[in-house]
Structure formats: C-alpha cells, structure tokens
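Colleague: Pasting the sequence and the predicted model now:
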Amino acid sequence: MITNLKPYAAYKDSGVPWLGQVPAHWEVRAVRHVTRPVKGRQPKALYSEDEAPAGAQPYLTMEYLRRHKGTAKVYCALSDGLVTAAAGDVLLLWDGANAGEFFIAKDGVVSSTVALLSTDEHDRRYLYFMLKQCEPWLRALSTGMGIPHVDGRILKQMQICLPPHAEQAAIVRFLDWADRRMRRYIRAKQKLIKLLEEYRKALIHQVVTGQIDVCTGKPYPAYKNSSVEWLGKVPGHWEVQKLKRLGEVKIGLTYAPSDVTGDDGTLVLRASNIRDGAIVSADDVFVSKEVPQSLRVAEGDILICVRSGSRSLVGKVAIIPPSFSGVTFGAFMSLLRSSLNPFIYWVFNSNMLTSVMAQFQTSTINQLTQNDLRNLDIPLPPLPEQTTIAAYLDAQTAKIDAAIASARREVELLREYRERLIVDVVTGKVDVREVAAQLPEEPPEEEAELMDADEIAEGEATDNDAAAEALSEEEVEP
C-alpha cells in the first residue's frame with residue numbers, strides 16, 4: 001500500500017519555497033489563522049510523585065514529554081492562571097537549547113518553557129505532523145543571546161498547507177497505520193541487536209574462561225578451582241596470573257587547559273576515542289606540551305578507560321592500530337603493553353569487569369585505580385592456545401558485528417523513510433485518500449518510544465540460540 005502511492009491530479013504553486021507545489025484544492029494559511037500559542041506559567045509549587053497533593057497534575061516539561069512513557073517526575077496543583085493540556089494537543093518548546101520542537105501533549109499542566117497550540121477547527125494530529133515540517137526553519141530562527149527562544153512573530157507568520165477536514169483525518173489515519181508497522185519492525189530489530197550483543201558477550205566469556213574448547217566445541221576434559229570468584233573453575237592446564245605479571249600498565253598524560261592546542265599538537269586519546277572496541281577520531285584533543293616517549297602508544301597496546309563521569313565507560317578497551325601509533329593518552333586512561341595482548345584484549349571484553357567493578361567503585365567516583373588494574377586476575381592458557389582463541393574470536397565476533405551493523409543500518413534507513421513519507425503525505429506530494437479508506441480497523445496500541453539501538457531498555461529476555469540463528473547462513477558455533 002505504501003509503495004503504490006500516486007500524486008494528486010492537479011497542483012498549484014503554494015507561494016512558499018519549502019512547500020513548493022501543493023494539491024489544487026488545499027489551502028495555504030499562516031499559523032496565526034489556524035492556532036494561537038499560549039505559553040505555560042510557572043506554578044507556585046512543584047511536587048515529587050510521593051509528595052503530590054490530591055488532584056495534582058503532571059508538569060509537562062520537555063524531559064517528561066520526550067520520555068514518551070513512564071510517570072512524571074514533577075507534579076503541580078491546579079490553580080487559576082495555569083495552562084492545562086489534554087492528551088493529543090500540540091505543544092511547542094518555547095525556550096531552551098531545543099526551542100522550536102513540537103510535541104504531542106499528555107494530560108497535564110504546561111510548563112513555563114512550553115506553549116500550547118490548540119485548535120477546534122482542524123485535526124490536531126494533522127496539525128502536529130504539519131508543524132513538525134516547520135521545525136528546521138523555526139529552530140534556525142530562534143532568538144536569544146543566552147537561552148534560545150521561539151520568535152512568536154516568525155511562528156505566527158509561517159505558512160502551512162491545510163487539506164479539507166475529511167482529508168486531514170484520512171492522512172492521519174494512513175500515517176498512524178504506517179507508523180505502527182514501522183515502529184513494530186524497528187522494535188523487532190532493536191531486540192535482535194540486543195540479543196546479538198548479549199550473545200557476543202556470552203560467547204567471548206565462555207571461550208576466554210575455558211568453558212568451551214574452541215577446537216572441539218565442547219568443554220575441556222578436566223577443570224580446577226581458580227580461587228577467583230568471577231572465574232570459578234578453569235581448565236586444568238590453564239594458569240591464573242595478575243595482570244601486572246603479564247605486562248606493563250601505564251597511567252596517562254596529565255595536562256592543563258592551557259596545553260590544549262590545534263591539530264598541529266600531539267593527539268591525546270580519551271574515552272571518546274574508543275567506539276565499538278576500536279580507536280576512532282572523535283572529539284579529538286591535541287596538546288602542545290612535551291610528551292615523553294614512555295607515554296606514547298605503540299601498535300598492539302591496549303587502551304583502557306579507567307575513570308569517567310559515566311560508569312558505563314569505565315572498562316572500555318581498544319587495541320591501538322598502526323595509524324594511531326606514536327600519539328599519547330589522557331590521565332583518565334591506562335595503557336597495557338604486553339606480548340599477550342591479542343588474548344588479554346578478549347578477556348577485557350568478557351564479563352570480567354562487570355563482575356569485579358562494584359568493589360572498585362564508589363557512589364561519587366567511577367574508576368579503576370592503577371592498583372586495581374594491575375591486580376586483576378587473568379585466565380591464561382598456554383601461548384599456542386591463546387593464539388587459537390584470539391583468532392577464533394576475531395572471526396566469530398566479526399560475523400556478529402556485521403549482523404549488528406546490518407540491523408542498525410536497516411533501522412536507520414527505515415527511520416529516514418518514515419520521515420520522508422510523513423513529509424510527502426502532509427505536503428500533498430502523494431495522495432493517500434483511497435488507501436486510507438481501505439485500511440482495516442485496528443485496536444489501539446500502547447505508545448512505544450522509538451529507541452536508539454544503544455538505548456534499549458535493560459531486562460529484555462534473551463536467547464543466545466535465537467541470536468546465533470539470526471546471523472547468517474554460516475552458523476556461529478558456540
């Protein structure tokens with residue numbers, strides 16, 4: 001139904017450059033003739049959910065509206081002068097870094113940084129879809145020396161196109177139908193990504209802890225107690241060694257803001273330079289101070305994030321590629337130089353740090369000290385077996401990573417298509433009236449947020465076998 005959409009029979013010039021041609025029977029009107037924005041007001045008091053008095057309403061802030069689901073964090077009592085919104089109303093973020101962004105309202109009190117755009121004449125959902133197309137221009141023209149805010153005159157003068165009322169309803173019906181299907185597909189892909197990521201982690205952990213012999217695909221014939229809680233039993237011929245006995249652990253370069261210079265200085269690798277287990281150029285920082293040779297990285301070194309404001313970043317690792325050899329690394333990073341790095345890298349990608357980090361962290365500081373790092377217990381097979389394990393994991397994780405990348409790309413393409421479809425439908429580039437009239441009635445579906453692939457809620461059920469089957473025709477062996 002989506003691929004066979006056709007244009008309208010006749011068009012006219014809208015007189016608006018970004019709208020271009022619109023269906024001949026549509027109107028083009030200024031926003032001020034369609035809706036009047038009413039800014040919210042600051043209530044006298046705000047309450048948490050536990051402290052809210054009887055009859056208190058959610059306070060509709062940008063943060064709450066963006067979450068799409070869950071309960072409000074802030075409530076306020078109803079009083080004279082406050083602006084209230086009903087579910088389905090159109091709201092506009094008036095002030096703040098994202099001034100000019102439109103939202104669908106929930107029942108509640110409109111915050112002082114948000115405006116209500118009500119209408120009795122037009123379909124609210126159509127108005128929302130239409131106004132979303134104005135966001136780039138409205139946000140680009142936001143004013144304010146400090147905090148950006150919407151220029152009311154520009155908003156009121158903006159031109160939008162309006163089909164007849166029945167056609168607005170047909171457009172909304174079609175877009176809601178298409179959106180539900182795309183959301184379901186995206187959620188399914190996101191769950192697959194989560195499964196694959198968990199399968200990858202489990203596979204690495206099983207292999208580097210000796211639960212599976214990669215040569216046979218079965219457990220080893222004999223095991224012994226490692227005396228390490230996170231490891232449990234290890235193959236009988238393996239050793240367990242402290243990291244400090246396997247190589248040299250170094251702390252990174254300390255530098256002052258005055259040392260930061262242009263890209264003619266020395267690159268300082270930080271947590272932002274580790275992405276998906278690889279070193280990348282991202283938010284690069286260069287310094288002009290003299291860097292000792294002992295703090296310059298070499299190909300094959302392992303870079304480790306040991307301190308960060310974000311707990312999830314601590315323990316991120318990557319192997320230094322040839323292209324970054326000779327640069328330095330920051331004080332919140334550590335470097336491991338060892339001839340055993342091809343195997344140790346995979347140990348760091350296992351569940352080791354997840355299991356041991358709690359004892360190294362406090363409520364205020366997320367870090368692995370140099371002493372903590374040096375005293376990590378590392379399972380150690382004989383060198384030929386390390387080489388075999390590293391090669392096996394290189395190959396198997398490459399397949400999993402390719403499947404994850406493919407799924408993420410599908411999600412990205414579908415989101416791009418979704419945005420393009422909305423633009424084409426609400427601006428009249430395609431006619432959906434006939435299709436909308438043929439759509440079956442569907443039960444209402446609870447709204448679900450379109451999450452980014454890296455923000456999938458924790459606690460999803462997982463199935464490693466299902467993840468393995470989803471990879472490709474070439475099976476990934478456990």
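Modeller: Yep, it's here. Quantities reported herein were computed from a predicted structural model and do not represent experimental measurements. Numbering: from 1, shown residues only.
Colleague: what mean pLDDT does the helix or strand harbouring residue 385 have?
Modeller: Using DSSP states H and E, the element containing residue 385 is helix 383-426. Helix 383-426 shows a mean pLDDT of 95.
Colleague: hang on, isn't residue 12 packed against residue 22?
Modeller: Yes. The criterion here is Cβ atoms under 8 Å, and residue 12 meets it with residue 22 at 6.4 Å. Just so you know, the C-beta spots here come from the backbone N, C-alpha and C atoms, and that holds for glycine as well.
Colleague: about what we covered before: elements contacting the helix holding residue 385?
Modeller: In terms of contacts (3 or more Cβ pairs under 8 Å, 6 or more residues apart in numbering; DSSP states H and E), helix 383-426 is packed against helix 124-132, helix 165-208, helix 341-348.
Colleague: Give me the contact list for whichever helix or strand comes after the longest one.
Modeller: Following helix 165-208 in sequence order, the next helix or strand is strand 223-225 (DSSP H and E). Strand 223-225 is contacted from outside by 210, 232-236, using Cβ atoms under 8 Å, 6 or more residues apart in numbering.
Colleague: number of nearby residues for the closest residue to residue 138 other than its chain neighbours?
Modeller: In this structure, residue 138 finds its nearest non-sequential neighbour in residue 100, 4.0 Å apart by Cβ to Cβ, 6 or more residues apart in numbering. Other residues lying near residue 100 total 23 when counted by other Cβ atoms under 10 Å.
Colleague: Quick check: pLDDT value at residue 100.
Modeller: Looking at residue 100, its pLDDT is 88.
Colleague: For residue 136, see how far away it is.
Modeller: Distance of residue 100 to residue 136, computed by Cβ to Cβ, to the nearest Å: 8 Å.
Colleague: just residue 249 next, same as before
Modeller: Residue 249 is 49 Å from residue 136, where distance means Cβ to Cβ.
Colleague: of the two, who's got more company?
Modeller: Per other Cβ under 10 Å, whichever of residue 249 and residue 136 has more neighbours is residue 249, with 20 against 11.
Colleague: residues in contact with residue 28?
Modeller: Taking Cβ under 8 Å, 6+ apart as the contact definition, residue 28 lies against 14-16, 19, 22, 159-162.
Colleague: again, but for residue 84
Modeller: Counting by Cβ under 8 Å, 6+ apart, residue 84 touches 57, 78, 107-110.
Colleague: Narrow those residues to those in strands?
Modeller: Members of the contacts of residue 84 lying in strands (criterion: DSSP state E): 57, 108-110.
Colleague: Check the offset of the helix holding residue 385 from the chain's centre.
Modeller: 14 Å (Cα atoms, centre = their mean, to the nearest Å).
Colleague: likewise stretch 320-338?
Modeller: Averaging C-alpha positions (Cα atoms, centre = their mean) puts stretch 320-338 27 Å from its chain's average.
Colleague: Just the terminal-to-terminal distance for it.
Modeller: By Cα to Cα, to the nearest Å, the extent of stretch 320-338 from end to end equals 12 Å.
Colleague: now stretch 102-116
Modeller: 10 Å.
Colleague: Just the buried residues of the contacts of residue 84.
Modeller: 57, 108-110 (16 or more other Cβ atoms under 10 Å).
Colleague: Nearest to residue 183 among these?
Modeller: Distance ranking of the buried ones among the contacts of residue 84 against residue 183, using Cβ to Cβ, places residue 108 first at 23.7 Å.
Colleague: Can you tell me how far the closest one is from residue 119?
Modeller: In this view, residue 108 and residue 119 are 19 Å apart by Cβ to Cβ.
Colleague: same deal with residue 416?
Modeller: Separation of residue 416 from residue 119 (Cβ to Cβ) stands at 29 Å.
Colleague: Who has more neighbours out of these two?
Modeller: A count of neighbours by other Cβ under 10 Å puts residue 119 above the other of residue 416 and residue 119, at 14 against 10.
Colleague: Can you check the pLDDT for that one?
Modeller: Residue 119 carries a pLDDT value of 87.
Colleague: before we move on, what about the one 10 residues further on?
Modeller: The confidence metric pLDDT takes the value 94 at residue 129.
Colleague: Just to check, it is in contact with residue 423?
Modeller: No. Residue 129 is not in contact with residue 423 according to Cβ under 8 Å; the separation is 9.2 Å.
Colleague: circling back to that earlier point, give me the angle between the helix holding residue 385 and helix 124-132.
Modeller: Put simply, helix 383-426 runs at 110 degrees to helix 124-132, going by axes from the mean of the first three to the mean of the last three Cα atoms, to 10 degrees.
Colleague: Same question for the helix or strand that helix 383-426 is followed by: list its buried residues.
Modeller: Scanning forward in sequence from helix 383-426 by DSSP H and E, the next helix or strand is helix 433-438. Under the neighbour-count criterion of 16+ other Cβ under 10 Å, helix 433-438 has 435-436 buried.
Colleague: What are the contacting residues of helix 433-438?
Modeller: Contacting residues not belonging to helix 433-438 are listed as 1, 5, 167, 170-171, 173-174, 177 [Cβ under 8 Å, 6+ apart].
Colleague: Quickly name whichever of those residues is closest to residue 141.
Modeller: Among the contacts of helix 433-438, residue 171 lies closest to residue 141 (Cβ to Cβ), at 26.7 Å.
Colleague: what's that closest one in contact with, if anything?
Modeller: When contacts are counted by Cβ under 8 Å, 6+ apart, residue 171 touches 126, 129, 163, 425-426, 432, 436.
Colleague: rerun at 10 Å
Modeller: Applying Cβ atoms under 10 Å, 6 or more residues apart in numbering, we find residue 171 in contact with 123, 125-126, 129-130, 163, 422, 425-426, 428, 431-433, 436.
Colleague: okay, now residue 182: neighbour count?
Modeller: Residue 182 is flanked by 17 other residues according to other Cβ under 10 Å.
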